[in-house]
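K.L.:
Quick one, what's the 3D model for this:
(chains A and B)
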Amino acid sequence: MRFARPRTLAGQLALLVALALLVAQTVSAGLLLKERHERRLNTISAPLVARIVDAEERLNADGTDNLRRSGFLGRARIADMPAVTPELRRMTDFERRISARLGDIPLNVADVRAAQAGKEDVRAWVPRRLAERAPRDAEFVLVSVQLENGLWINLVGIEPRIEKGLLDQILLQTAIIYLVVLLSVLWLGRRAAKSLNHLTHAVANVGLAPDTSDASELWPRGPVDVQRLTTAFLEMRDRISGMLLEKDRMIGAIGHDLRTPLASLRLRAEMVEDPDTRAAMVDTIAEMDATLEDILALARLRQSAEDIQTVDVAALVDAVTEDFRALGLDVIFEPGARVTAPVRPVLMRRAIRNLIDNAVTYGGRARVSVFRQDQWVVVDIRDEGPGIANADMERVFEDFVRLEHSRNRQTGGSGLGLTLAREIIAGEGGELELRNREEGGLQVLARLPVPSSPD
Amino acid sequence: MTIDKPHILLVEDEPSIRKPLARYLKENGFRVTQTENAASARAQLLAHAIDLVVLDIMMPGEDGLSLCRHIRANSEVPVILLTARNEDTERIVGLEMGADDYVSKPFNPRELIARIRVVLRRTGGGAVRQRAPEIQNYGFGSWVLRSGERTLIDGDGIAVPLSTGEFNLLLALVTHPNQVLSRDHLLDLTQGREAQAFDRAVDNQISRLRRKIEADPKSPVFIKTVWGGGYVLASDVVLL
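P.N.:
All right, here's what the predicted structure looks like:
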């Protein structure tokens, strides 16, 4: 099973900190437990060693004469066999500890054995009254030390109870640390992420609709790193809009300057004697004028002074199709319910006109309808032309102008009509979709957003 | 006006337009005086009996709008502006300054000639000056017709765009409220700017308009049919 890795900044930070905390807590708990273990070994081994030494000294001094009948010498029991039998669990670290302590004294021994033992195992190796006094659930340590003369000193130590609370304590501590650290990390991450999200939104909208009434206006906030990023972005955005403005201004100026010679040409064309030549010139000039107008319209789009207002989109589309019909073109509007959307009516009229014009130019005729679909007003324009080759369909949105350009070369027109329509529709927050119809022809769907109303 | 050729004062700083335009106007039966700036235009206006001024808006020095205001303040000479296309504000300001009409560059010279003739007819012989009704808002009932945008606004403030034909017809009706207009008269009134775009039957346009503005198109309250006469806008119109 794959573990779903968190993808947000706050989530990843929290995960990283949690893992780091886990490692740190594990290491420190391990060290703590080891230290406790050492201390416990010392606590048990120190008195046992003292008793071994004592028993050995008494043996050396007196031989086995002082042994009581039972073999006890103090609390140690001398025997010719070890109390630690093979079936008991040996405690090798404890054996090493005792060997080391005996070596320090120094007391030479042949063998050291130690093992954990229950009450029954040790009964034979302690004086009876001691065995009776031991707590019922006590854990014992049996130690057998073989002297160089072959005798075994056997003794019993009580193993101190493991501090049960220790583990709970560590867990509780860990939980508290987790809570405090993770909450602050999450808070910090959220704060940074929030300011980053604002920034992301702003970055995504650079160069789109010049909507300055954006409620979530951007200002430097959040952690200082994000603030710096935001400031840098704001400066960049200003530079970009300056450049865009400059570009628009330049195109506008060029257009203006082209107008005068074009007007002059148009006037002189009237003076051409040959009517065919004159008509051809007038047509060419009109085409240049249309192209110029499209270029200027595109350049001015960003600075449109037109107000957005609630418009009956069905009536708008109906009016545009009526104008086409008045020119004798085959454009049919299929009436539907009244649908409204907030748009700039003059610009939107132009966008719809361009789309229908394309349909009529390439598809011969256009069938147009308007309907509401979820949060969109959709203008649906179908023609019966050849459509767009599927290979080109990708490029329509990659490189709109060039496709249009090549498409228009034989038929004339500026090639900017579709671009202009798309820009106008995008300017209202809408989108334009082109698709080939199964029954032939192209379908153009212009979607305009409708703000959700409370009713 | 005498039998003399009408005298046009052409004010245009750009010689590549001024010269062929002057020649074209002369060829079409006008007397033309050319000037290339506002100052000399003022002098020519004093020196000659000018019948009409064709005035370029964009000129170095004093621009056409300023000259237009000057002319209107001092005389009744009609003015036709040469504007750049799409410069709506320029055009609207020009009409507010008292210009009688405009053509956008690059213009069809035949269209300019037609405009000149219309304006001369309209303003000649002491006729009451009638401005191009480009920038008015007309209120009738709960509707407002915004002529600048060719759009009707309903009582809820929702814009109902009109086709060119519908707009021209409705404009003719609201500028002649409570007057019976015959079909021929309506055709005359609407054969204006986009004549070629309006060649459909008046009746068809009327029924389209009624569907848009009448609560019940079958028993209209605004656009009423006068039996044997034509149509009438049965409503007072308020200029807004």
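
K.L.:
Alongside chain B, which residues does the stretch 251-400 of chain A contribute?
P.N.:
The stretch 251-400 of chain A comes close to chain B at residues A:256, A:259-268, A:270-271, A:282, A:285, A:289, A:293, A:296-297, A:300, A:305, A:309-312, A:315-316, A:318-320, A:322-323, A:325-327, A:340, A:345-346, A:349, as judged by Cβ under 8 Å from any Cβ of the partner chain. (Each C-beta comes from the backbone N, C-alpha and C, glycine too.)

K.L.:
Write the ChimeraX selection for whichever of the residues you listed are buried.
P.N.:
Listed next is the ChimeraX selection for buried residues among those, using 16 or more other Cβ atoms under 10 Å in any protein chain shown:
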select /A:259,260,262,263,264,265,266,267,268,270,282,285,289,293,296,297,300,309,310,311,312,315,316,318,319,320,322,323,325,326,340,345,346,349
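
K.L.:
out of the residues of the stretch 251-400 of chain A next to chain B, which are inside strands?
P.N.:
A:Gln309, A:Thr310, A:Val311, A:Asp312, A:Thr340 (DSSP state E).

K.L.:
What lies in contact with the longest helix along chain B?
P.N.:
Longest helix in chain B by number of residues (criterion: DSSP state H): helix B:109-123. Contact partners of helix B:109-123, identified using Cβ atoms under 8 Å, 6 or more residues apart in numbering or on different chains, comprise A:266-267, A:270, B:1, B:6, B:8, B:21, B:24-25, B:28, B:30, B:51-52, B:54, B:76, B:78, B:80, B:100-101, B:103, B:127, B:129-130.

K.L.:
cool, and stretch A:98-109?
P.N.:
Stretch A:98-109 is contacted from outside by A:45-46, A:48-49, A:52-53, A:56, A:112, A:114, A:143, A:145-148, using Cβ under 8 Å, 6+ apart.

K.L.:
Can you select the buried ones among the residues you listed for me in PyMOL?
P.N.:
Filtering the contacts of stretch A:98-109 down to the buried ones (16+ other Cβ under 10 Å) takes a single PyMOL command:
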select buried, chain A and resi 45+48+49+52+56+112+114+143+145+146+147
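
K.L.:
Can you pick out the most distant pair from the contacts of stretch A:98-109?
P.N.:
By the measure Cβ to Cβ, A:Ala46 and A:Glu148 form the most distant pair in those, at 23.1 Å.

K.L.:
list the contacts for residue 8?
P.N.:
No chain in the question, so chain A it is. Neighbouring residues of A:Thr8 by Cβ under 8 Å, 6+ apart: A:Gly189, A:Ala193.

K.L.:
Correction: the question concerned chain B.
P.N.:
For B:Ile8, the contact set (Cβ under 8 Å, 6+ apart) comprises B:Leu25, B:Phe30, B:Arg31, B:Val32, B:Thr33, B:Ile50, B:Asp51, B:Leu52, B:Val53, B:Val54, B:Ile116.

K.L.:
one more time with 6 Å
P.N.:
If you count contacts by Cβ atoms under 6 Å, 6 or more residues apart in numbering or on different chains, B:Ile8 has them with B:Leu25, B:Phe30, B:Val32, B:Leu52, B:Val54.

K.L.:
Now which of those residues would you call buried?
P.N.:
B:Leu25, B:Phe30, B:Val32, B:Leu52, B:Val54.

K.L.:
What are the buried residues along stretch B:71-81?
P.N.:
So for stretch B:71-81, counting by 16+ other Cβ under 10 Å, buried means B:Ile71, B:Arg72, B:Val77, B:Pro78, B:Val79, B:Ile80, B:Leu81.

K.L.:
these two touch, right, the third one and B:Ile50?
P.N.:
Yes. B:Val77 is within contact range of B:Ile50, at 5.5 Å (criterion: Cβ atoms under 6 Å).

K.L.:
Please report phi then psi for A:Leu183.
P.N.:
Phi and psi for A:Leu183, reported as degrees, to the nearest 10, are phi -60, psi -40.

K.L.:
okay, now it: neighbour count?
P.N.:
11 (other Cβ atoms under 10 Å in any protein chain shown).

K.L.:
Now do the strands for chain B: every range, in order, please.
P.N.:
Listed in chain order, the strands of chain B (DSSP E) span B:7-11, B:31-35, B:52-56, B:79-84, B:101-105, B:137-140, B:143-146, B:151-153, B:159-161, B:223-226, B:230-233, B:238-239.

K.L.:
Out of these, which gets nearest to A:Asn436?
P.N.:
Nearest of the strands of chain B (Cβ to Cβ): strand B:159-161, 29.9 Å.

K.L.:
quick one: that closest one near chain A?
P.N.:
Yes. Using Cβ under 6 Å from any Cβ of the partner chain, strand B:159-161 reaches chain A at B:Ala159, B:Val160, B:Pro161.

K.L.:
The last one: how many residues sit nearby?
P.N.:
When you say that, I think you mean B:Pro161. 26.

K.L.:
And what about the residue in the stretch 51-200 of chain A positioned nearest to chain B, helix, strand or coil?
P.N.:
Nearest residue of the stretch 51-200 of chain A to chain B (Cβ to the nearest Cβ) works out as A:His198 at 33.2 Å. Classification of A:His198 using DSSP: H, G, I helix; E, B strand; the rest coil returns helix.

K.L.:
Can you tell me the number of residues neighbouring the closest residue to it other than its chain neighbours?
P.N.:
Of all residues beyond its chain neighbours, the one nearest A:His198 is A:Leu218 (5.8 Å), with distances taken as Cβ to Cβ, 6 or more residues apart in numbering or on different chains. Residues within reach of A:Leu218, counting by other Cβ under 10 Å, total 18.

K.L.:
Same question for B:Cys68.
P.N.:
So B:Cys68, with other Cβ under 10 Å, has 25 neighbours.

K.L.:
list the contacts for the closest residue to it other than its chain neighbours?
P.N.:
Spatial nearest neighbour of B:Cys68, excluding adjacent residues (Cβ to Cβ, 6+ apart): B:Met97 at 4.5 Å. Neighbour list for B:Met97: B:Leu65, B:Cys68, B:Arg69 [criterion: Cβ under 6 Å, 6+ apart].

K.L.:
same thing but at 10 Å, please
P.N.:
When contacts are counted by Cβ atoms under 10 Å, 6 or more residues apart in numbering or on different chains, B:Met97 touches B:57, B:64-73, B:79, B:81.

K.L.:
Ramachandran coordinates for it?
P.N.:
phi -70, psi 0.

K.L.:
Please report the distance of it from chain A.
P.N.:
Using Cβ to the nearest Cβ, to the nearest Å, we find B:Met97 at a distance of 19 Å from chain A.
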